[in-house]
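>>> Build the 3D model from these lines:
(one chain, ligands or ions: 1)
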Amino acid sequence: MKSYNRIFLLIIITLFYTFQVACAQIQQKTPDKKDSFSFVFMTDVHIQPERHAVEGVLQAIDTINKIEPDFVLTGGDNVMDASSQSLGRADSLYSLFTNTMKVLKMPWYSTFGNHETFGLHKKDFTSEQRKGMYKKYFEKTYYTFEHKGWQFIVLDAIMYGDGREDRYYGQIDSVQMDWMKSVFDTIGTEKPVIVSLHIPILSVGDQIEKNGFTPRSVIRRGNAMELIRLFEAHNVKAVLQGHLHMYEDISFNGIHYITAGAVCGGWWEARLPGKEREEGFLLVNINGDEFTSEYIDYGWDVEE
Ligand SMILES: [Fe+2]
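Numbers count the residues shown, from 1 in each chain. Coordinates of the predicted model:
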């Protein structure tokens with residue numbers, strides 16, 4: 001019996017150290033120089049039964065399937081609008097989106113956008129209630145995952161209030177800030193990181209088009225500075241943003257802040273001259289610990 005006990009103890013110790021080493025590799029592993037992969041960031045899909053939107057989304061998905069990225073990450077506003085709709089309509093849009101995405105041949109992840117809010121105009125609704133429908137379909141509004149030595153951090157940038165109960169604004173709350181700092185503490189300063197959030201931290205296009213910013217178009221200044229400094233203290237390579245339906249790539253202190261256009265262009269509608277939005281998505285190619293990106297026009301043009 002004693003020798004059996006010793007063998008059993010040895011197996012337990014071996015398993016324990018194997019597990020410890022595996023965990024350390026997941027937490028601190030930086031990419032092998034030979035590692036290369038691609039992923040797609042598709043933001044502002046705004047799916048709806050009207051305006052031929054489903055045809056457009058399927059065309060985008062067909063293009064993505066031919067590119068064969070490792071995975072797809074959405075940037076928020078998956079659905080046209082749940083915020084001021086009935087429960088039935090809002091739920092049907094979520095269902096339309098998730099069913100259409102089943103045509104994708106690779107795994108996909110989601111970011112929470114303002115149009116995913118349910119019950120924005122219900123003044124007695126709490127933040128939890130407003131995000132309840134999203135959590136029913138996607139479980140979490142913020143989370144992290146690893147892919148081939150890169151860490152992906154998906155944030156929930158939608159808060160409610162701003163002087164009026166029925167308004168949203170862009171902010172990363174203190175609960176997420178603390179959580180994100182613990183993620184960075186775990187992965188260290190070497191591992192390359194890509195962040196996704198719906199409301200941009202930095203934008204130039206919005207400044208030009210609107211001659212200024214609102215708390216609904218970009219993250220509030222103090223919070224944005226806190227995020228930028230945190231990213232600069234770690235190896236964040238890119239911040240992928242949505243919301244503004246414009247394509248811009250801002251390089252600031254070595255980090256790219258990319259507002260990645262919109263799959264729906266101008267909400268599946270023709271826009272006025274000068275306000276046209278090219279329907280597309282962002283293709284990101286990773287090579288070792290570097291990346292390049294390009295905006296892909298998947299060929300959809302809205303009817304005039
Ligand atoms: Fe949008």
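
>>> show me what contacts Val193?
Val193 sits next to Trp150, Gln151, Phe152, Ile153, Phe184, Ile187, Phe231, His234, Asn235, Val236, Lys237 when contact means C-beta atoms under 8 Å, 6 or more residues apart in numbering. Where you see a C-beta, it was placed from the backbone N, CA and C, and this is true even at glycine.

>>> Need the residues you listed in JSON lines (columns: distance to the ion).
Formatted as JSON lines, the contacts of Val193 follow (distance: C-beta to the ion, whole Å):
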{"residue": "Trp150", "distance to the ion": "26"}
{"residue": "Gln151", "distance to the ion": "26"}
{"residue": "Phe152", "distance to the ion": "21"}
{"residue": "Ile153", "distance to the ion": "21"}
{"residue": "Phe184", "distance to the ion": "29"}
{"residue": "Ile187", "distance to the ion": "30"}
{"residue": "Phe231", "distance to the ion": "23"}
{"residue": "His234", "distance to the ion": "28"}
{"residue": "Asn235", "distance to the ion": "29"}
{"residue": "Val236", "distance to the ion": "24"}
{"residue": "Lys237", "distance to the ion": "24"}
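
>>> Of these, just the buried ones, PyMOL syntax please.
Selection of buried members from the contacts of Val193 for PyMOL, criterion 16 or more other C-beta atoms under 10 Å:
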select buried, resi 150+151+152+153+184+187+231+234+235+236+237
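
>>> how about the contacts of Val193 in a markdown table, adding pLDDT and secondary structure?
Shown next, in a markdown table, are those (pLDDT from 0 to 100; DSSP: H, G, I helix; E, B strand; the rest coil):
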| residue | pLDDT | secondary structure |
| --- | --- | --- |
| Trp150 | 97 | strand |
| Gln151 | 97 | strand |
| Phe152 | 98 | strand |
| Ile153 | 98 | strand |
| Phe184 | 97 | helix |
| Ile187 | 96 | helix |
| Phe231 | 98 | helix |
| His234 | 97 | coil |
| Asn235 | 97 | coil |
| Val236 | 98 | strand |
| Lys237 | 98 | strand |
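
>>> from the contacts of Val193, which single one is nearest Asp62?
Ranked by distance to Asp62 (C-beta to C-beta), the contacts of Val193 are led by Phe152 at 24.6 Å.

>>> is it true that the closest one touches Thr111?
No - Phe152 lies out of contact with Thr111 (C-beta atoms under 8 Å); the separation is 10.3 Å.

>>> Am I right that Ile194 falls within a helix?
No - according to DSSP: H, G, I helix; E, B strand; the rest coil, Ile194 belongs to no helix; its state is strand.

>>> ok, it to the ion distance?
Using C-beta to the ion, to the nearest Å, we find Ile194 at a distance of 20 Å from the ion.

>>> Just grab the bridge partners of that residue for me.
Phe152, Ala238 (DSSP bridges).

>>> Number of residues surrounding it?
23 (other C-beta atoms under 10 Å).

>>> Tyr143 too?
Tyr143 has 17 neighbours, counted by other C-beta under 10 Å.

>>> from memory it sits against Val154, does it?
Yes - at 5.5 Å, Tyr143 counts as touching Val154 under the criterion of C-beta under 8 Å.

>>> mind listing the strands for this protein?
36-42, 71-74, 108-109, 143-147, 150-154, 158-160, 168-170, 193-196, 236-241, 247-252, 255-260, 280-287, 290-297 (DSSP state E).
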